[in-house]
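S.K.: generate a structure from the sequence data that follows.
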Amino acid sequence: MRSLCTASLFLSFGVACAQQPKPEPAQVSPVTDVTTTGALAEADVPADWMPAVERGNTAIRAFGRQLRERLMAEMKAGGPSQAIGVCRDEAQPITRQIAQAHRLKLGRTSLKLRNTGNAAPGWLEPYLKEVWGRPADQVDVRVFDLETAVGVARPIPMGSACVKCHGSAENIDPQVKAVLAEAFPGDQATGFEPGQLRGLFWAEVPKVDAPQLPTSMPTKPIP
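M.R.: Predicted coordinates for the structure are as follows:
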């Protein structure tokens, strides 16, 4: 985190400012892309973190792609009301499956949740609040130092096809509203417009990957 130091001179008890030597401006390090919550742009990430960052990005992309494919398949088969079942019944198992395959923690979150199980992890919540309300194309991938791990966050843009379930409440079909109310009591994830930031995908990846153990250990006969 970069802090900018500016020199200030104060007048005191009639001592003239001209009598005080003006200090040289403090030397500062080159500008890096850091937010107030300590999130780094990928270009500023230390080289030894990059394998973990790349693994996080790969897992997030796989998660987003698989979830999108399932949602679109159900949309084509039975419309938005049928696609809601994917969010209710399949999204969490897909998350766990991909997290296990990539040996990391994985999720998606928002300040307007549909599923309360998607609450932001503590390290991500301040950044989520910082970027909330921005257009999705103004929110880039960000990386966080979690000591023994790195956190990776990618924006979830509001797509045009998503308005049927996440658009303004007055424009959502009454049947879809009824299915949402039954599947997700207390749903808050409506009122978005295409192009808005709807939330963040996130991954938490160990900086040093632990070696994988065999699923079953060979046994030796007892002598």
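
S.K.: tell me the buried residues in the strand or helix carrying residue 205?
M.R.: In this assignment (DSSP states H and E), residue 205 forms part of strand 197-206. By neighbour count on 16 or more other Cβ atoms under 10 Å, the buried set for strand 197-206 is 197, 198, 199, 200, 201, 202, 203, 204, 205. All C-beta spots, glycine's among them, are computed from the backbone N, C-alpha and C.

S.K.: who does that strand pair up with?
M.R.: As defined by DSSP bridges, the strand partners of strand 197-206 come to strand 105-109 (antiparallel), strand 149-157 (antiparallel).

S.K.: what does the helix or strand just after the last one rub up against?
M.R.: Meaning strand 149-157. For strand 149-157, the following helix or strand on the C-terminal side (DSSP H and E) is helix 163-166. With contact meaning Cβ atoms under 8 Å, 6 or more residues apart in numbering, helix 163-166 is reached by 80, 83-84, 158, 171-173, 176, 180, 189-194, 198.

S.K.: and the helices in the protein?
M.R.: For the chain, the helices defined by DSSP state H occupy 50-78, 80-85, 91-102, 125-131, 163-166, 174-183.

S.K.: quick one: pLDDT of residue 40?
M.R.: For residue 40, the pLDDT comes out at 95.

S.K.: re the thing from before, for the helices of the chain, which one sits closest to residue 209?
M.R.: Between residue 209 and these, the tightest spacing by Cβ to Cβ is seen for helix 50-78, at 7.5 Å.

S.K.: so which elements touch that closest one?
M.R.: Counting contacts by 3 or more Cβ pairs under 8 Å, 6 or more residues apart in numbering; DSSP states H and E, helix 50-78 packs against helix 80-85, helix 91-102, strand 105-109, strand 149-157, strand 197-206.

S.K.: so which bits of it are buried?
M.R.: Buried residues in helix 50-78, counted by 16+ other Cβ under 10 Å: 52-53, 55-60, 62-63, 66-67, 70-71, 74-75.

S.K.: quick one, that helix and strand 197-206 angle?
M.R.: Between helix 50-78 and strand 197-206, the angle comes out at 140 degrees (axes from the mean of the first three to the mean of the last three Cα atoms, to 10 degrees).

S.K.: just want the angle from helix 50-78 to helix 91-102.
M.R.: Calculated by the same axes, to 10 degrees, helix 50-78 forms an angle of 150 degrees with helix 91-102.

S.K.: chain center to helix 50-78: distance?
M.R.: 14 Å (Cα atoms, centre = their mean, to the nearest Å).

S.K.: next: stretch 197-213.
M.R.: The chain centre lies 11 Å from the centre of stretch 197-213; the measure is Cα atoms, centre = their mean.

S.K.: report the mean per-residue pLDDT for it.
M.R.: Mean per-residue pLDDT for stretch 197-213: 85.

S.K.: for that stretch, list the C-alpha coordinates in PDB.
M.R.: C-alpha atoms of stretch 197-213 as PDB (Å, rounded to 0.1, in the frame of the first residue of the first chain):
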ATOM      1  CA  LEU A 197     -21.600  -5.400 -11.700                       C
ATOM      2  CA  ARG A 198     -23.700  -8.200 -10.300                       C
ATOM      3  CA  GLY A 199     -21.100  -9.600  -8.000                       C
ATOM      4  CA  LEU A 200     -17.700 -11.300  -7.900                       C
ATOM      5  CA  PHE A 201     -16.300 -14.800  -8.500                       C
ATOM      6  CA  TRP A 202     -13.600 -15.600  -6.000                       C
ATOM      7  CA  ALA A 203     -10.900 -18.200  -5.400                       C
ATOM      8  CA  GLU A 204      -8.600 -18.700  -2.400                       C
ATOM      9  CA  VAL A 205      -5.400 -20.600  -3.500                       C
ATOM     10  CA  PRO A 206      -2.400 -21.800  -1.500                       C
ATOM     11  CA  LYS A 207       0.800 -20.000  -2.500                       C
ATOM     12  CA  VAL A 208       2.600 -23.300  -2.200                       C
ATOM     13  CA  ASP A 209       0.500 -26.200  -3.500                       C
ATOM     14  CA  ALA A 210       0.600 -29.200  -1.100                       C
ATOM     15  CA  PRO A 211       1.600 -32.500  -2.700                       C
ATOM     16  CA  GLN A 212      -1.300 -34.700  -3.600                       C
ATOM     17  CA  LEU A 213      -1.500 -37.900  -1.600                       C
END
